[in-house]
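# using only what follows, build the 3D model:
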Amino acid sequence: MAIRHSFQNSRGIELVADHYASDSDSIVVLVHGYTSNKRWRGRFPHIGAALNEAGFAAFAYDSSGCGESGDDSLRLDKLVQDVRDAVAEVRELGYQRVALWGHSLGARSCIAANPPGVVTMVLSSAGTAPMHYHWPDYYAAADLATLAATGKMTVPADDGVRDWVTIEAQMLRDFAEFDQQALLSALSCPVLIVNGNNPEDWEECALLEGNRRGERWLPEGSQLRVVEGARHNFADHLGKLTDVGVAWIVERLG
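Predicted coordinates:
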């Protein structure tokens, strides 16, 4: 069972976490995706419980501006710093060996954070290559006009926890404006990338193709795994994702 744990990030914003405690000195920090939260679709509660059963602790936190954590506007560099702050927090709690498990934008945040001393990462539905979204398919024209005029937009949240989420213009650019080779070549630990390949999910298929192009820059010992038929959210394949990811953690943290 998870214990509620709150701490301040380096910008003084309260971050709220579910701490799946264990007697182990090893812990996996779980990082959610874009405008999501630590319990979205039951993903991290399921994974946290499975990690506990395998003998590890887990720590799923809400990024700043998301879920139960304090208000902030979303931008990738802030999310990256939150990863580093969460790793520092679990070290303060006494855990010696740390791994990361990020989903979607959370995976990208883990890669970009690349905290020193992290043993390994599990990266599901990761975006390691630039992605070009057609944002009018996702946001109302009035909101995008506000974003263009002010650099920010506040839109309804659909995570079941908070009412609103504030997104910076830079956040949308962050999905597309980066160098894949530089991002992956900087990694200092082996990683497991897990993608679905459902042909009806263009986003997941595009992410998979981008990750295949980037395999050559991953650290030695890394792997790319495909879960047949899975969509981006892995909702119908959560058991398989969990099995694959926990097996990787067991192998690397032991």
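
# just the element for the residue sitting nearest the centre point of the chain, please.
The centre of the chain sits closest to G106, judged by CA atoms, centre = their mean, with a distance of 1.7 Å. Following DSSP states H and E, one finds G106 within helix 105-113.

# try A60
Assigned by DSSP H and E, A60 belongs to strand 57-61.

# hmm, who's touching that strand?
The contact list for strand 57-61 (CB atoms under 8 Å, 6 or more residues apart in numbering) reads 2, 5, 15-22, 24, 26-32, 38-39, 44-45, 47-48, 51-52, 69, 82, 86, 89-90, 95. (Glycine included, C-beta is placed from N, CA and C.)

# swap the cut-off to 7 Å and go again
15-22, 24, 26-30, 38, 44, 48, 51-52, 86, 90, 95 (CB atoms under 7 Å, 6 or more residues apart in numbering).

# look up the residues forming beta bridges with the nearest residue to the residue nearest to the centre of the chain once chain neighbours are set aside.
The spatial neighbour of G106 that comes closest, neighbours along the chain excluded (CB to CB, 6 or more residues apart in numbering), is V31 at 3.6 Å. Following DSSP bridges, V31 is listed with bridge partners Y61, G102.

# read off the pLDDT value for V31.
As predicted, V31 sits at a pLDDT of 98.

# one step back: surely the residue nearest to the centre of the chain is in contact with T35?
No. Under the criterion of CB atoms under 7 Å, G106 makes no contact with T35, lying 11.1 Å away.

# give the buried residues for stretch 188-202.
Buried residues in stretch 188-202, counted by 16 or more other CB atoms under 10 Å: 189-198, 201.

# start and end of that stretch, how far apart?
Using CA to CA, to the nearest Å, one end of stretch 188-202 lies 30 Å from the other.

# hmm, who's touching that stretch?
By CB under 7 Å, 6+ apart, stretch 188-202 touches 114, 118-126, 204-205, 207-208, 211, 218-232, 234, 237, 241, 244-245, 248.

# sitting in strands, which of these do you find?
Judged by DSSP state E, the contacts of stretch 188-202 include 121-124, 223-227 as members of strands.

# about what we covered before: what's the burial count for the residue nearest to G106?
Using other CB atoms under 10 Å, V31 has 30 neighbouring residues.

# please report how far it lies from S69.
Applying CB to CB, to the nearest Å, the value for V31 to S69 is 13 Å.

# what does T128 give?
To S69, T128 is 26 Å away according to CB to CB.

# ditto for A182
Using CB to CB, A182 is found at 29 Å from S69.

# out of these two, name the residue with the larger neighbour count.
Taking other CB under 10 Å, A182 and S69 do not tie; S69 has more neighbours (24 against 9).

# what's the helix or strand hosting R252 in contact with?
Here R252 sits within helix 238-253, counting by DSSP H and E. Here helix 238-253 makes contact (CB under 7 Å, 6+ apart) with 26, 28, 43, 46-47, 50-51, 54, 56, 97, 99, 101, 119-120, 122, 124, 192, 194, 225, 227, 234.
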